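Asker: Everything below, folded, please.
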Amino acid sequence: MTQRTTSTATADVVGRLVIAVVLATALALGACQCGPDAGVAPGEACDEEGERDGDLICEDGEWVHADSDVGFDVDDCEAESSQEFCERHEVECGSFEGEDNCGDERSVTCEEFDGIGCEDIEICLHAEDDDDLDTNVCACPELGDSPGNQICDHAGAECGTVDAGEVCQDWEDLGDVDCGECEGDDECGEEIDNICGCPCDIDGQCYTIGESDPDEECMICDPDESDEDFTAADDGTECQEAGVCEDGECVCEDDDAICDDECVDLDSNRDHCGECDNECGDDEICDDGECAESCPDDEAMCDGECVDIDSDMDHCGECNAECSAGDDATASCEDGDCIIECDDDDDTVCDDQCVDTDSDPDHCGDCGEECTTDIDGAEATCEGGDCDVECADDDDELCEDEGLCTNLDEDHDNCGECGNECDGVNEFCNVGNCESFTGSCDDNDDCATGEQCCDEVCIPAAAPC
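Answerer: Got it, this is the predicted structure:
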């Protein structure tokens with residue numbers, strides 16, 4: 001993804017220099033050299049695994065990313081597909097940001113791919129939602145003060161008992177849950193388990209609230225509208241296979257068509273080019289609904305489709321370079337550059353996020369300028385774009401060279417000022433001054449007025465013993 005930011009351009013140049021330096025070093029040391037023109041290093045074969053650096057290793061004569069089985073040439077890496085990216089990172093649900101097989105950062109909405117996404121009532125959690133969980137995992141919804149009622153609601157049960165573990169597997173320890181009794185003459189489960197009476201009796205068949213017509217998914221049982229006929233579901237209701245409901249029918253967004261239970265663009269889909277199931281050949285692409293041998297001059301082939309990389313948000317500037325922005329920002333792909341604009345004009349774009357560099361500790365004054373301190377007893381705060389380090393205890397002073405916060409009135413090594421050390425055996429620090437011990441003693445009676453006996457030496461009574 002190309003962005004019009006100085007920091008990104010610099011990072012790209014630095015990244016290429018690092019690769020060049022690592023390759024040159026490996027060649028000089030005689031390490032395993034991968035690639036068709038690199039040859040074989042003395043004493044080593046390129047088909048043996050040899051460490052290159054923390055990101056790439058040499059396998060079977062090819063450089064391979066340490067976290068990927070996809071081989072590539074360092075200078076011309078072929079990026080994996082978005083689905084391969086999600087599967088390699090073992091994402092269960094939602095969107096994910098991370099390195100692809102070429103070592104580039106990518107952000108992908110994995111939810112839309114086959115085999116990815118939560119089932120039934122599970123929700124997608126992230127590390128920031130629960131520190132004990134990995135990123136992008138499926139879990140049951142959190143239960144509140146009335147777990148029984150919530151489980152019954154999730155199960156769609158009006159009465160009787162339900163097995164909590166069958167509703168969501170994480171709840172199996174809760175066992176059976178009582179969902180109450182029916183009122184009036186209705187019997188629980190007479191027609192449908194855990195349902196009082198029959199919500200919709202249509203053509204001699206009983207249906208539960210929200211249950212779809214077997215022949216028309218967007219026509220449902222809604223007893224508030226009619227208990228004898230199916231009525232149209234709310235517009236925007238997601239269809240099980242593809243699309244959303246509109247006027248009682250499943251339709252796709254952006255004028256796409258439903259083919260094999262998925263929404264596809266007939267203008268560019270190679271498996272459904274121009275019409276469903278019209279598949280283009282292996283060496284062809286689908287251009288404007290017709291199979292062709294190559295893409296138009298102003299488009300590029302990405303994942304088997306022709307796209308305008310000057311404006312495509314999923315392939316901005318190059319294939320699989322998604323253009324997206326974090327919270328409080330908008331993104332647009334213009335002439336192949338991903339342009340991110342912050343909703344607040346005073347914010348700055350850092351790592352695709354809008355931040356206030358006047359106060360953000362991770363980007364204090366400028367992107368990537370982290371405001372932290374390792375000084376014991378000190379705290380770092382970003383104020384006005386400057387990193388301010390102060391002692392947590394107001395009575396302490398900051399001694400940066402010594403790497404600590406200390407009380408200068410009594411610190412033997414920093415007495416009165418940082419770095420002013422009293423004589424180790426003959427002096428002590430008293431109210432910021434180095435003072436000599438006055439004499440030996442067995443107890444306080446041996447010392448003068450205003451002194452105390454400490455470790456058989458008389459010292460001022462106000463000094464710490």
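Asker: which residues touch E183?
Answerer: C196 (Cβ atoms under 8 Å, 6 or more residues apart in numbering). (Each C-beta comes from the backbone N, C-alpha and C, glycine too.)
Asker: again, but for the one 4 residues further on
Answerer: If a contact means Cβ under 8 Å, 6+ apart, then E187 has C196, G197 as its contacts.
Asker: Swap in 6 Å and give it another go.
Answerer: Neighbouring residues of E187 by Cβ atoms under 6 Å, 6 or more residues apart in numbering: there are none.
Asker: next one: C286
Answerer: By Cβ under 6 Å, 6+ apart, the contact list for C286 reads S268, N269, R270, C273, C280.
Asker: tell me which of those residues is nearest to D254?
Answerer: Using Cβ to Cβ, S268 comes nearest to D254 of the contacts of C286, at 11.4 Å.
Asker: I'd like to know how far that closest one sits from A331.
Answerer: For S268, the distance to A331 equals 22 Å [Cβ to Cβ, to the nearest Å].
Asker: Contact partners for H272?
Answerer: Contacts of H272 were listed using Cβ under 6 Å, 6+ apart, and they are C259, V264, L266.
Asker: out of the contacts of C286, which are buried?
Answerer: S268, N269, R270, C273, C280 (16 or more other Cβ atoms under 10 Å).
Asker: ok, of the residues you listed, which one's closest to V91?
Answerer: Nearest to V91, judged by Cβ to Cβ, of those is N269 at 24.0 Å.
Asker: helix or strand for the nearest residue to the closest one once chain neighbours are set aside, which one?
Answerer: Leaving aside its chain neighbours, N269 sits nearest to C286 (5.9 Å; criterion: Cβ to Cβ, 6 or more residues apart in numbering). Assigned by DSSP states H and E, C286 belongs to strand 285-287.
Asker: now that strand, how far from the chain's geometric center?
Answerer: A distance of 34 Å separates the centroid of the chain from that of strand 285-287, by Cα atoms, centre = their mean, to the nearest Å.
Asker: Likewise for stretch 414-432?
Answerer: 51 Å.
Asker: cool, stretch 369-388 as well?
Answerer: Centroid separation between stretch 369-388 and its chain, computed with Cα atoms, centre = their mean, is 26 Å.
Asker: which of the residues in it are buried?
Answerer: Applying 16+ other Cβ under 10 Å to stretch 369-388 flags E369, C371, T373, I375, A378, A380, C382, G385, C387 as buried.
Asker: farthest-separated two in the residues you listed?
Answerer: By the measure Cβ to Cβ, I375 and G385 form the most distant pair in the buried residues of stretch 369-388, at 20.7 Å.
Asker: follow-up on the earlier one: which among the contacts of C286 gets closest to W171?
Answerer: N269 (40.7 Å).
Asker: any idea how far the closest one is from E299?
Answerer: For N269, the distance to E299 equals 15 Å [Cβ to Cβ].
Asker: Show the contacting residues for E284.
Answerer: Shown in contact with E284 (Cβ under 6 Å, 6+ apart): C291.
Asker: Just the pLDDT at it, thanks.
Answerer: In this prediction, E284 carries a pLDDT score of 79.
Asker: how close does it sit to C306?
Answerer: E284 is 11 Å from C306, by Cβ to Cβ.
Asker: okay, now the domains of this protein?
Answerer: Listed domain ranges for the chain are 252-307, 356-406, 422-460 (source: automatic domain parsing).
Asker: follow-up on the earlier one: closest one to F113 out of the contacts of C286, please.
Answerer: Checking the contacts of C286 one by one against F113 (Cβ to Cβ), the nearest turns out to be N269, at 15.3 Å.
Asker: wait, is the closest one part of a helix?
Answerer: No - assessed with DSSP: H, G, I helix; E, B strand; the rest coil, N269 is coil; it does not lie in a helix.
Asker: E87 in helix, strand or coil?
Answerer: Going by three-state DSSP: E87 is helix.
Asker: How many residues are close by it?
Answerer: Neighbour count of E87, defined by other Cβ atoms under 10 Å: 16.
Asker: so G289 touches E275, yeah?
Answerer: No - counting by Cβ atoms under 6 Å, G289 does not reach E275; the two are 8.1 Å apart.
Asker: Which of those two has more residues huddled nearby?
Answerer: A count of neighbours by other Cβ under 10 Å puts G289 above the other of G289 and E275, at 15 against 10.
Asker: How about the more buried one: what's its closest non-neighbour residue?
Answerer: G274 (3.8 Å).
Asker: one step back: strand partners (parallel or antiparallel) of the very next helix or strand once past the strand holding C286?
Answerer: Using DSSP H and E, the helix or strand that follows strand 285-287 in sequence is strand 290-292. Applying DSSP bridges, strand 290-292 is found paired with strand 285-287 (antiparallel).
Asker: one step back: now the residue nearest to G289: how far from D310?
Answerer: 25 Å.
Asker: What are the boundaries of the helices in the stretch 151-300 of the chain?
Answerer: Taking DSSP state H, counting those that start in this stretch as the criterion, the stretch 151-300 of the chain contains helices spanning 164-167.
Asker: Which strand residues bridge C138?
Answerer: Counting by DSSP bridges, C138 is bridged to C124.
Asker: Contact partners for it?
Answerer: Residues in contact with C138 (Cβ under 6 Å, 6+ apart) are E92, C93, C118, E122.
Asker: Between those residues, which sits nearest H412?
Answerer: E92 (57.7 Å).
Asker: what helix or strand is that closest one on?
Answerer: Applying DSSP H and E, one finds E92 in no helix or strand.
Asker: Run a quick neighbour tally on it.
Answerer: 21.
Asker: if I pick it, what's in contact with it?
Answerer: Contacts of E92 (Cβ under 6 Å, 6+ apart): N136, V137, C138.
Asker: Make a markdown table out of those and add distance to E228 and pLDDT.
Answerer: A markdown table is the format used below for these (distance: Cβ to Cβ, whole Å; pLDDT from 0 to 100):
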| residue | distance to E228 | pLDDT |
| --- | --- | --- |
| N136 | 44 | 85 |
| V137 | 44 | 87 |
| C138 | 38 | 88 |
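Asker: gap between the residue nearest to N269 and D256?
Answerer: 13 Å.
Asker: who touches stretch 215-228?
Answerer: Outside stretch 215-228, the residues touching it (Cβ under 6 Å, 6+ apart) are 199-200, 207, 209-213, 230-231, 233, 239, 245, 248-250.
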